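Engineer: One predicted model, sequence on top.
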Amino acid sequence: MTADDENSRPTDPADPEDFGGPLQWPDIARWRKAERERLIAARLAVPPEERARMSTTIAAGLDVLIGDPKGRVVTLYWPFRGEPDLRGWLASIVERGATAALPVVIEKGRPLAMRAYRPGDRLEKGVWNIPVPADGASVLPDVVISPLVGFDPQNYRLGYGGGFFDRTLAELPKKPLVIGVGYALQAIATIHPQPHDIPMDRIVTEATADDELG
């Protein structure tokens, strides 16, 4: 069973704890699909100006956590369905000497490619019509910043169910600093982690960033 199989299973809105007995992967996969839908809807319900404010706070928290980005390769993402918009922060770290990169889906069942990107570079439509660099060189990240659909106290990330992120981390030749970013409203008690799930090193939300910024 792989993470890709989650997308093919029917929705069941029940919490796995209500099933009774040992949790099986089909139950967890159905629950994850329903939880994704709930959390994405909650994220999209936040007014755009409030999401913009929270994104600014998250960016400031990343500066505190990462420190000087000069000479480091930092993989980010293009915002999708209400995710924190860090494109301004991406431009700022490039100005400070970092190499920024965006993830690119090559094909199902394969790791993501990380392509170097500078604001103004040519983009093309990737999976789900998300813009990706058309010509950027492949790079190995020192820091990976990944958006979250949900997260739990053990820093496990609930993603979109394709398995790309975990597969990529598992196959990188060197371990980067892995940071999940999202909003405090996306916190859940557990994602019911499976062997293919890889926890984040840190989670940054507008709430944790406020704490770090004092």
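Structural biologist: Happy to help now that I have it. Predicted model, so just to flag it, every value in this text is computed and none were measured.
Engineer: need the strands for this structure, in chain order.
Structural biologist: Here the chain has its strands, by DSSP state E, at 73-75, 99-104, 113-116, 123-125, 131-133, 143-147, 150-151, 157-158, 177-181, 202-204.
Engineer: Based on its surroundings, how many neighbours for the nearest residue to residue 175 once chain neighbours are set aside?
Structural biologist: Sequence neighbours aside, residue 169 is the residue nearest to residue 175 in space, at 8.0 Å (criterion: C-beta to C-beta, 6 or more residues apart in numbering). The C-beta positions use only the backbone N, C-alpha and C, and glycine is treated the same way. Neighbourhood size, residue 169 [other C-beta atoms under 10 Å]: 19.
Engineer: just to revisit the earlier point, any chance of the strands of the chain in JSON lines, plus distance to residue 52, mean neighbour count and mean pLDDT?
Structural biologist: Converted to JSON lines, the strands of the chain look like this (distance: least, C-beta to C-beta, whole Å; neighbours: other C-beta atoms under 10 Å; pLDDT from 0 to 100):
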{"stretch": "strand 73-75", "distance to residue 52": "21", "mean neighbour count": "23", "mean pLDDT": "97"}
{"stretch": "strand 99-104", "distance to residue 52": "20", "mean neighbour count": "24", "mean pLDDT": "95"}
{"stretch": "strand 113-116", "distance to residue 52": "26", "mean neighbour count": "20", "mean pLDDT": "94"}
{"stretch": "strand 123-125", "distance to residue 52": "21", "mean neighbour count": "12", "mean pLDDT": "90"}
{"stretch": "strand 131-133", "distance to residue 52": "19", "mean neighbour count": "19", "mean pLDDT": "92"}
{"stretch": "strand 143-147", "distance to residue 52": "15", "mean neighbour count": "23", "mean pLDDT": "96"}
{"stretch": "strand 150-151", "distance to residue 52": "21", "mean neighbour count": "24", "mean pLDDT": "97"}
{"stretch": "strand 157-158", "distance to residue 52": "23", "mean neighbour count": "24", "mean pLDDT": "96"}
{"stretch": "strand 177-181", "distance to residue 52": "14", "mean neighbour count": "22", "mean pLDDT": "97"}
{"stretch": "strand 202-204", "distance to residue 52": "16", "mean neighbour count": "21", "mean pLDDT": "97"}
